[in-house]
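Trainee: Quick one, fold the following:
(one chain, ligands or ions: 1)
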Amino acid sequence: MQKDIEIKLAPSEVGEDEVLKKTLSAALEIEQTRIKGYKILKRSIDARGRNVVYRLKVRAFIDENFVPDVYRIEYANVKDRKPVLIVGAGPAGLFAALQCIENGLKPIVLERGKDVKQRRRDLAAINKQGLVNTESNYCYGEGGAGTYSDGKLYTRSNKRGDINKVLETFVQHGADEDILIDARPHIGTNKLPHIITAIRETILNAGGEVRFDQKVTDILIEFGKVKGVVVNEEDQLLADFVILATGHSARDIYELLDRKKILVEAKPFALGVRIEHPQSIIDASQYHCDIRSEFLPPAYYSLVAQVGSRGVFSFCMCPGGIIAPCATYENEIVVNGWSPSKRNNPFANSGTVVQITLEDVKGEDPLRMMRFQAEIEQQAFKLGGGNLVAPGQRMVDFVQGKLSSDLPKNSYLPGTKSVMLKDTLPDFVASSLRNALPEFGKKMKGYYTNEAILVGVESRSSSPVRIPRDKETYQHPQVSGLYPCAEGAGYAGGIVSAAIDGVNCANAVLKFS
Ligand SMILES: Cc1cc2nc3c(=O)[nH]c(=O)nc-3n(C[C@H](O)[C@H](O)[C@H](O)COP(=O)(O)OP(=O)(O)OC[C@H]3O[C@@H](n4cnc5c(N)ncnc54)[C@H](O)[C@@H]3O)c2cc1C
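Mentor: Residues are numbered from 1 along each chain as shown. Purely as a prediction, here's the structure:
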């Protein structure tokens, strides 16, 4: 017999097999010897009370042997099957490729950047010399923006597709099984490259293809139907299906579509800064303690405020993290955040952004939000003074309109320069942040402090352009066979939702081909 039950454990008791069985036997009111095994279904930290506890949902195997789950999809060989061109090897492109294989179609993934290993050198040049390779950086290359991301896998997209399948696919390719049970699953930047490499190997072993240094520069269309793509401005590749999963940074793709009179639309996004505190401040506040217990992970937060008609919110919070330089073009600053699997850096950062509406950027140009985003990133670069040095300001100084006399030690490797951050942000963004930060301080003790630094600019929160598609067929309304996919097309925000959208596009190809 199997029974699911919820139990609470002290942080020091988590992972103690005997304690867990004893707690289960007490909760189920049965002898401990009858519990032959158990499976943790969900695990979360509850820090609401004075004493922080773990809440576990557990399946107990009573008088019945426990059989562990095996996460394994078998991928048949598709070498000689119908080809599907997938542009972009981010989470969306890779999961679309895996699903194509499951569907008996041959994926050919075209990626402008390099493989995971070679990409590492370009990241070192960004961090140490402030040099951006426009084809290989934190956003471009194998695994897309997902590879050197934080690898948080929490998503609210449960209506869009099978989240568990995505998580289990990560496990099949080397991720820790903890991601299947944690309320806020996290892989960590150090582990993601191996997982992405394993996914590539699955695709290749099944007869699919993954080609690097293959920048798609044109889409071939005849009589409203896709015919293939042009790569690196010279090679033509022909196919009846193109999944366009180029992410939200590929401005050249939006420009290409617009130039070819293929409908694209301006899309609202959110803009702001990355905020970094010493992790100890966040721990003390969230866990109500002076020093975090060794049994608890670095603490997390999520904050939201309404300032007039605008939402201001934190997102992509990275406990024990690093602020990363994520520009894709020269002479611009874009920041984001990541953390290693152990989350053992001394800082906590999060994107803290203000909603921007289409009315904030007047005009008819469908690319106006994108151009507005680019201008702000370029202004941030100028304010920093070059070499990817980012503009920064202490939190209370920012709110009070004072230049910081110095900046706190922080994790952003190319360096930060003290400036008036309002000079790089639109007035309504700066004033919304100015109002929201003290509010956040009321919600979270210790948050509103000059020990925190604001680093500009967090501008790639989501795509500034939408590529429309039919709700049912997933194809562009003007071009059959063209499947706008995931974050770059405006249908996903994050690794899991992008992966789900990749799966959905591959299923749509099968259904409507
Ligand atoms: C530092 C950082 C940390 C992040 N942390 C998290 C996190 O913890 N959790 C989370 O859910 N999300 C996180 N994200 C966001 C997440 O990485 C993205 O939401 C996700 O990768 C989007 O997936 P995608 O496949 O739609 O696009 P992308 O990952 O952007 O992939 C698009 C790919 O297309 C390629 N491409 C673009 N143009 C062309 C072209 N013309 N020809 C060929 N290839 C092209 C690009 O090189 C890229 O590899 C983070 C992002 C960054 C940068």
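Trainee: what about residue 460, distance to residue 331?
Mentor: 16 Å (CB to CB, to the nearest Å). For the C-beta atoms, the positions are set from N, CA and C on the backbone; glycine is no exception.
Trainee: ugh, wrong one, residue 218
Mentor: With distances taken as CB to CB, residue 218 is found 26 Å from residue 331.
Trainee: same deal with residue 38?
Mentor: Shown here: residue 38 relative to residue 331, a distance of 56 Å by CB to CB.
Trainee: These two - which one has more neighbours?
Mentor: residue 38 (20 against 12; other CB atoms under 10 Å).
Trainee: just checking, residue 288 touches residue 299?
Mentor: No. Using CB atoms under 8 Å, residue 288 is not in contact with residue 299; the gap is 10.3 Å.
Trainee: who touches both of those two?
Mentor: Here residue 288 and residue 299 have residue 47 as joint contacts, going by CB atoms under 8 Å, 6 or more residues apart in numbering.
Trainee: Pick out whichever of these two has more residues nearby.
Mentor: Set side by side, residue 288 and residue 299 show more neighbours around residue 299, with 24 against 14, by other CB under 10 Å.
Trainee: Would you confirm that that one contacts residue 318?
Mentor: No. Contact criterion CB under 8 Å: residue 299 and residue 318 do not qualify, at 11.8 Å.
Trainee: show me the contacts for the nearest residue to residue 215 once chain neighbours are set aside.
Mentor: Sequence neighbours aside, residue 112 is the residue nearest to residue 215 in space, at 3.8 Å (criterion: CB to CB, 6 or more residues apart in numbering). The neighbourhood of residue 112, defined by CB under 8 Å, 6+ apart, consists of 88, 135, 140, 213-216.
Trainee: how about a cut-off of 6 Å?
Mentor: Residue 112 makes contact with 135, 140, 215, according to CB atoms under 6 Å, 6 or more residues apart in numbering.
Trainee: repeat for residue 486
Mentor: Shown in contact with residue 486 (CB under 6 Å, 6+ apart): 92, 245, 492, 498, 501.
Trainee: Per-residue pLDDT of it, please?
Mentor: Residue 486 is assigned a predicted lDDT (pLDDT) of 98.
Trainee: Quick check: closest non-adjacent residue to it.
Mentor: residue 92 (3.3 Å).
Trainee: Isn't the one you found up against residue 502?
Mentor: Yes. Between residue 92 and residue 502 a contact is recorded at 3.8 Å, counting by CB atoms under 6 Å.
Trainee: neighbour-wise, which of these two wins?
Mentor: residue 92 (35 against 31).
Trainee: helix/strand/coil for residue 254?
Mentor: Here residue 254 is helix, with the state taken from DSSP: H, G, I helix; E, B strand; the rest coil.
Trainee: Who are the packing partners of the lengthiest strand in the chain?
Mentor: Secondary structure of the chain per DSSP state E: the longest strand is strand 35-46. Strand 35-46 is packed against helix 17-28, strand 53-62, with contacts defined by 3 or more CB pairs under 6 Å, 6 or more residues apart in numbering; DSSP states H and E.
Trainee: Comparing the ones you listed, which stretch has the densest surroundings?
Mentor: strand 53-62 (a mean of 19; mean count of other CB atoms under 10 Å).
Trainee: for the helix or strand just after that strand, packing partners?
Mentor: Following strand 53-62 in sequence order, the next helix or strand is strand 83-87 (DSSP states H and E). If contacts are counted by 3+ CB pairs under 6 Å, 6+ apart, strand 83-87 sits against helix 91-102, strand 106-110, strand 242-244.
Trainee: measure the residue lying closest to residue 104 once chain neighbours are set aside to residue 451 for me?
Mentor: Excluding its sequence neighbours, the residue lying closest to residue 104 (CB to CB, 6+ apart) is residue 81, at 5.6 Å. With distances taken as CB to CB, residue 81 is found 58 Å from residue 451.
Trainee: Which of those two has more residues huddled nearby?
Mentor: Taking other CB under 10 Å, residue 81 and residue 451 do not tie; residue 81 has more neighbours (18 against 15).
Trainee: What residues does the stretch 301-450 of the chain have near the ligand?
Mentor: Neighbours of the ligand within the stretch 301-450 of the chain, by CB under 6 Å from any ligand atom: 316, 324, 326, 336-338.
Trainee: switch the cut-off to 8 Å
Mentor: By CB under 8 Å from any ligand atom, the residues of the stretch 301-450 of the chain that approach the ligand are 316, 318, 324, 326, 336-338.
Trainee: doesn't residue 454 make contact with residue 393?
Mentor: Yes. Counting by CB under 6 Å, residue 393 sits close enough to residue 454 to count as a contact (5.3 Å).
Trainee: Now do the shared contacts for these two.
Mentor: Shared contacts of residue 393 and residue 454, defined by CB under 6 Å, 6+ apart, are found at residue 421.
Trainee: so which strand or helix has residue 306?
Mentor: strand 304-307.
Trainee: elements contacting that strand?
Mentor: Judged by 3+ CB pairs under 6 Å, 6+ apart, the packing partners of strand 304-307 are helix 427-443.
Trainee: Next, the buried residues of the helix it packs on.
Mentor: Buried residues in helix 427-443, counted by 16 or more other CB atoms under 10 Å: 428-437, 439-441.
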